[in-house]
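A.B. asks: Provided below for reference: sequence and predicted model.
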Amino acid sequence: MQHLTIVDHPLVQHKLSIMRQKDVSTAGFRRLLREISLLLAYEITRELELTSTRIETPLCEMDAPMLEGKKLALISILRAGNGLLDGILELIPGARVGFVGLYRDPETLKPVEYYCKVPRELDARMTIVVDPMLATGNSSVAAINMLKERGAKNLRFLCLLAAPEGVARMREAHADVPIFTAALDERLDDHGYIVPGLGDAGDRMFGTK
């Protein structure tokens, strides 16, 4: 799976294991999600383009590497994607942020759009789509469809957990979009939840479970 990167850093895996436990508090879950999202952001931004800028240190002048081009765009798939934003924005505070509102129909498991507000000039930005769970892949595919229609070309998808079914669905629909995740779990259950997973990320994050 060349388009799939599993971030196996020991800190990521340790924090994820704690998050999976059913008795973790809402506050603890949020904190761990923020910490993991910051660590995942390091991996997904490895290919940001650099240029050279002349600067002056306390000792001398030098040609120093600086980020090139427009500030990247972070796109949260509501509502659970918002839990990944805080950690990434700690690392990249100048990023532009957008939101795509999709919910999964409980009967068909298909995504239904209800909101979309994204930064301008997506065609000139690296665009990172964030959602904690890549389960069926239907919502992720729909969100990326919407972003491509608005000009996005350089896309990445960042999630906490992925199921093989979701990865396959994304590869089928958007083979040009790399996926970065902390773990590839076993499968989906009959209700479309990732197994072993960690339950409903949105409910655990916002205390609505």
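C.D. replies: Thanks, I have the structure now. Residues are numbered from 1 along each chain as shown.

A.B. asks: Just confirm Leu11 contacts Leu39, I think it does.
C.D. replies: Yes: using CB atoms under 8 Å, Leu11 makes contact with Leu39 at a distance of 6.1 Å. C-beta: built from backbone N, CA, C; applies to glycine.

A.B. asks: Between these two, point out the one with more neighbours.
C.D. replies: Leu39 (16 against 11; other CB atoms under 10 Å).

A.B. asks: now the strands for this structure?
C.D. replies: 4-6, 50-56, 61-67, 73-78, 96-104, 111-117, 126-130, 133-134, 154-162, 179-184, 187-188, 194-195 (DSSP state E).

A.B. asks: Quick check: can you name the pairing partners of the fifth one and their directions?
C.D. replies: So that's strand 96-104. strand 73-78 (parallel), strand 111-117 (antiparallel) (DSSP bridges).

A.B. asks: Ok, the first one next?
C.D. replies: For strand 4-6, sheet partners with direction are given as strand 179-184 (parallel), following DSSP bridges.

A.B. asks: Which positions in the strand it pairs with come out as buried?
C.D. replies: Applying a neighbour-count criterion of 16 or more other CB atoms under 10 Å, one finds 179-184 buried in strand 179-184.

A.B. asks: ok, now stretch 96-116?
C.D. replies: Using 16+ other CB under 10 Å as the test for burial, stretch 96-116 gives 96-102, 104, 111, 116.

A.B. asks: what do you get for stretch 188-208?
C.D. replies: Result for stretch 188-208 [16+ other CB under 10 Å]: buried residues 188, 192-194, 197-199, 201-202, 204-206.

A.B. asks: any chance of those residues in TSV, plus distance to Ile88?
C.D. replies: Below are these laid out as TSV (distance: CB to CB, whole Å):
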residue	distance to Ile88
Leu188	26
Gly192	26
Tyr193	25
Ile194	21
Gly197	22
Leu198	19
Gly199	23
Ala201	16
Gly202	18
Arg204	19
Met205	15
Phe206	18
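
A.B. asks: what sits up against the lengthiest helix in the chain?
C.D. replies: Looking across the chain with DSSP state H, the single longest helix is helix 26-44. Under the criterion CB atoms under 8 Å, 6 or more residues apart in numbering, residues 5, 7, 9, 11-12, 15-16, 18-19, 24, 83-88, 90-92, 128, 130, 132, 156, 158, 160, 180-182, 201, 204-207 lie in contact with helix 26-44.

A.B. asks: TSV for the strands paired with strand 96-104, including mean pLDDT and distance to Ala173?
C.D. replies: Below are those laid out as TSV (pLDDT from 0 to 100; distance: least, CB to CB, whole Å):
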stretch	mean pLDDT	distance to Ala173
strand 73-78	94	15
strand 111-117	87	12
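
A.B. asks: Need these in TSV (columns: distance to Arg150).
C.D. replies: Shown next, in TSV, are these (distance: least, CB to CB, whole Å):
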stretch	distance to Arg150
strand 73-78	10
strand 111-117	8
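
A.B. asks: Among those strands, which comes closest to Ser140?
C.D. replies: Nearest to Ser140, of all the strands paired with strand 96-104, is strand 73-78, at 7.1 Å by CB to CB.

A.B. asks: orientation of the closest one relative to strand 154-162 in degrees?
C.D. replies: 40 degrees (axes from the mean of the first three to the mean of the last three CA atoms, to 10 degrees).

A.B. asks: Please verify my assumption that Pro111 contacts Ala142.
C.D. replies: Yes: using CB under 8 Å, Pro111 makes contact with Ala142 at a distance of 4.2 Å.
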